[in-house]
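In: Provided below are the primary sequence and the corresponding predicted coordinates.
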Amino acid sequence: MKKILRKEFLITLLWKQNKWHKHSVLIHTLRLVQECIKAKRYDFILAGLLHDIAKPLSAIQDDKDRLNGTYSFPNHEELGYRVIKNWSFINEKTKLLVRYHYLLRGKEKALEKGLLNKAKRYERIIKNLDSNMINDLVLFQKLDDIAKD
């Protein structure tokens with residue numbers, strides 16, 4: 001059985017993530033909640049608290065990360081969603097924000113890298129979301145970006 005409290009868990013939760021984040025997962029999460037409150041998007045607060053819930057559990061270091069002293073978090077959005085999907089006290093919108101908070105950026109990055117099949121997978125998911133959810137994802141991503149600095 002895999003140890004739950006690996007060193008990566010504590011390091012990423014309390015100290016550092018990667019070059020895109022100045023702060024640990026915990027501080028970034030609290031900053032995002034603060035941005036949600038500033039934007040008066042109180043409906044985003046729980047998603048803000050939970051959006052990176054799986055990062056410490058999914059933290060890995062490949063060779064490039066080791067050189068930089070940083071971490072990667074593959075599939076943390078989906079893993080986070082799996083953690084919360086059966087929590088009955090969380091509404092569907094919050095669950096979708098957690099699951100898809102990287103969806104739009106993921107599609108952009110896939111296109112930039114020429115990964116057309118990956119971009120098409122993202123696009124299929126996006127097409128199944130209603131326009132309100134897409135607008136919420138755009139705003140949530142902006143607030144998440146602000147919370148990274």
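Out: That came in fine, so what should we check first? Nothing here was measured: the structure is a model prediction, and the numbers come from that model.

In: the helices in the protein, which residues?
Out: For the chain, the helices defined by DSSP state H occupy 7-14, 25-38, 45-50, 55-58, 63-68, 76-84, 92-100, 103-112, 116-127, 131-148.

In: can you list the residues that contact the third one?
Out: To tie it back to what came earlier, the one meant is helix 45-50. With CB atoms under 8 Å, 6 or more residues apart in numbering as the test, helix 45-50 has contacts from 29, 32-33, 35-37, 80, 84, 90, 93-94, 97-98, 101, 140, 143. All C-beta spots, glycine's among them, are computed from the backbone N, C-alpha and C.

In: What is the distance between it and the centre of its chain?
Out: On the basis of CA atoms, centre = their mean, to the nearest Å, helix 45-50 is displaced by 10 Å from the centre of the chain it belongs to.

In: Tell me which residues of it come out buried.
Out: For helix 45-50, the neighbour count (16 or more other CB atoms under 10 Å) marks 46, 47, 48, 49, 50 as buried.

In: of the contacts of helix 45-50, closest to residue 130?
Out: Distance to residue 130 across those (CB to CB) is lowest for residue 93, with 10.4 Å.

In: burial measure for the closest one, as a count.
Out: Using other CB atoms under 10 Å, residue 93 has 15 neighbouring residues.

In: cool, the one 3 residues further on as well?
Out: With neighbours defined by other CB under 10 Å, the count for residue 96 comes to 17.

In: wait, what's in contact with it?
Out: The contact partners of residue 96, taken as CB under 8 Å, 6+ apart, are 129, 133.

In: thought residue 61 was touching residue 71?
Out: Yes: if you go by CB atoms under 8 Å, residue 61 and residue 71 touch, sitting 5.7 Å apart.

In: and these two? which has more neighbours close in?
Out: For the pair residue 61 and residue 71, the greater number of neighbours falls to residue 71 (22 against 16), based on other CB under 10 Å.

In: Now that one: phi and psi?
Out: Here is the backbone geometry of residue 71 (degrees, to the nearest 10): phi -130, psi 160.

In: Can you list phi and psi of the nearest residue to it once chain neighbours are set aside for me?
Out: In space, and not counting its chain neighbours, residue 71 is closest to residue 59: 4.5 Å by CB to CB, 6 or more residues apart in numbering. Backbone torsions for residue 59, taken as degrees, to the nearest 10, come to phi -60, psi 130.

In: Might you list the low-confidence residue ranges for this protein?
Out: Counting by pLDDT under 70, the chain shows low-confidence ranges at 1-22.
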